[in-house]
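*Asks:* output the structure for:
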Amino acid sequence: MDPALSERSFAVIVAAATFVGFWALGMALTWQPPIEARLKALRTRRMKTRGEHMVAKTSPKAVSLGFLREIADRLNLLRGAAADQTSRKLRQAGFHSRDAAVVYVFVKLALPLLLGFLMIGLTSVTNVIAVPEDFVLATCVGAVLVGFLLPELYIKNVASKRREVLNAILPEGLDLLTICVEAGLSIDAAFRRVSREMQGSMPELAVEFEMTAIELTYLPDRQQALENMADRSDSAAVAALVNALRQTEKYGTPLAASLRILSQEFRQTRASKAEEKGARMPALMTVPLMVFILPTLITVLIAPAIMSMFAVK
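*Replies:* Coordinates of the predicted model:
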């Protein structure tokens, strides 16, 4: 055997043995029991979460909302039946944040003052709006009243539009729920799956289904979770869905068949409403026809005769 090859092989073996020895020594010095490594990972994750929470808590938006919430708590603006009614209206309009009530209360308090002072500046100070002196006070008071009414009207309008959207898209959501239930998913998993699929096309219904799935998982009373969905939506169609789900859980009726029947009923209701609107169109078009079209038509028919009479004279 070649002596040079033997020396080279011996050097390679010694280097490999040295590397393995140092690696084993390092592992022995740095080895931790599995429970210690797990606790260290949990402590690291807790410190990271706490740091993110502190950063979010010290952000300008969080500081301002915390200041407003503290003022509202001291003035008892978020307590009592009125505050619960306000929170319910905001949930029906789609504002589910815990700070939504704080923002709404302060907007309702600040907007009348802002519009009042703005109207005083426009009418009395800068004279941008020419108002007689006898009507300046009435104009400013009207601006304050408008400031009181605007937030309420806005919330009602948003809630009404959201209710109409839920009524319109619920049959499609029920079809997806039926497919998931027939595939063997529970109602919780079906709500969660349908919510993921509808996030882009039907976000309003996706949010409702996602919140319902979360509440069905964590609330001790499943019936309360279903009632919360009906209360948030304020929709007759969603209330019918909730009743069907409650009866299904109580009496053990087939869930897929109930969902399919509900979907067909909602589609028939939607078609009947469309037919009703179509049947009302002739009556609604009578006034525009008489006001705008008939005078123009009469003018076009009579104008040549009148012009010819003037031409003869």
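
*Asks:* got the contact list for the residue nearest in space to the middle of the chain?
*Replies:* The residue lying closest to the centre of the chain (C-alpha atoms, centre = their mean) is residue 94, at 4.5 Å. By C-beta atoms under 8 Å, 6 or more residues apart in numbering, the contact list for residue 94 reads 158, 159, 162, 204, 207. Just so you know, the C-beta spots here come from the backbone N, C-alpha and C atoms, and that holds for glycine as well.

*Asks:* do the same with residue 135
*Replies:* Contacts for residue 135 (C-beta under 8 Å, 6+ apart) come out as none.

*Asks:* contacts for stretch 107-127, please.
*Replies:* Contacts for stretch 107-127 (C-beta under 8 Å, 6+ apart): 128-129, 131, 136, 139-141, 143-148, 150-152.

*Asks:* again, only this time at 7 Å
*Replies:* With contact meaning C-beta atoms under 7 Å, 6 or more residues apart in numbering, stretch 107-127 is reached by 128-129, 131, 136, 139-140, 143-144, 146-148, 150-151.

*Asks:* could you dump these into JSON lines and include distance to residue 211 and neighbour count?
*Replies:* Shown next, in JSON lines, are the contacts of stretch 107-127 (distance: C-beta to C-beta, whole Å; neighbours: other C-beta atoms under 10 Å):
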{"residue": "128", "distance to residue 211": "47", "neighbour count": "8"}
{"residue": "129", "distance to residue 211": "46", "neighbour count": "12"}
{"residue": "131", "distance to residue 211": "49", "neighbour count": "16"}
{"residue": "136", "distance to residue 211": "49", "neighbour count": "15"}
{"residue": "139", "distance to residue 211": "44", "neighbour count": "17"}
{"residue": "140", "distance to residue 211": "43", "neighbour count": "20"}
{"residue": "143", "distance to residue 211": "38", "neighbour count": "20"}
{"residue": "144", "distance to residue 211": "37", "neighbour count": "17"}
{"residue": "146", "distance to residue 211": "34", "neighbour count": "15"}
{"residue": "147", "distance to residue 211": "32", "neighbour count": "21"}
{"residue": "148", "distance to residue 211": "31", "neighbour count": "13"}
{"residue": "150", "distance to residue 211": "28", "neighbour count": "15"}
{"residue": "151", "distance to residue 211": "24", "neighbour count": "18"}
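
*Asks:* narrow those to those in helices?
*Replies:* Among these, DSSP state H puts 136, 139, 140, 143, 144, 146, 147, 148, 150, 151 in helices.

*Asks:* look up phi and psi at the residue nearest to the centre of the chain.
*Replies:* phi 100, psi 10 (degrees, to the nearest 10).

*Asks:* I'd like to know how far it sits from residue 155.
*Replies:* Taken as C-beta to C-beta, to the nearest Å, the spacing of residue 94 relative to residue 155 amounts to 10 Å.

*Asks:* can you check residue 114 too?
*Replies:* Distance from residue 114 to residue 155, counting by C-beta to C-beta: 18 Å.

*Asks:* tell me which of these two has more neighbours.
*Replies:* residue 155 (19 against 14; other C-beta atoms under 10 Å).

*Asks:* ok, for the more buried one, nearest residue in space, not its chain neighbours?
*Replies:* Nearest residue to residue 155 in three dimensions, chain neighbours excluded: residue 93, at 5.0 Å (C-beta to C-beta, 6 or more residues apart in numbering).
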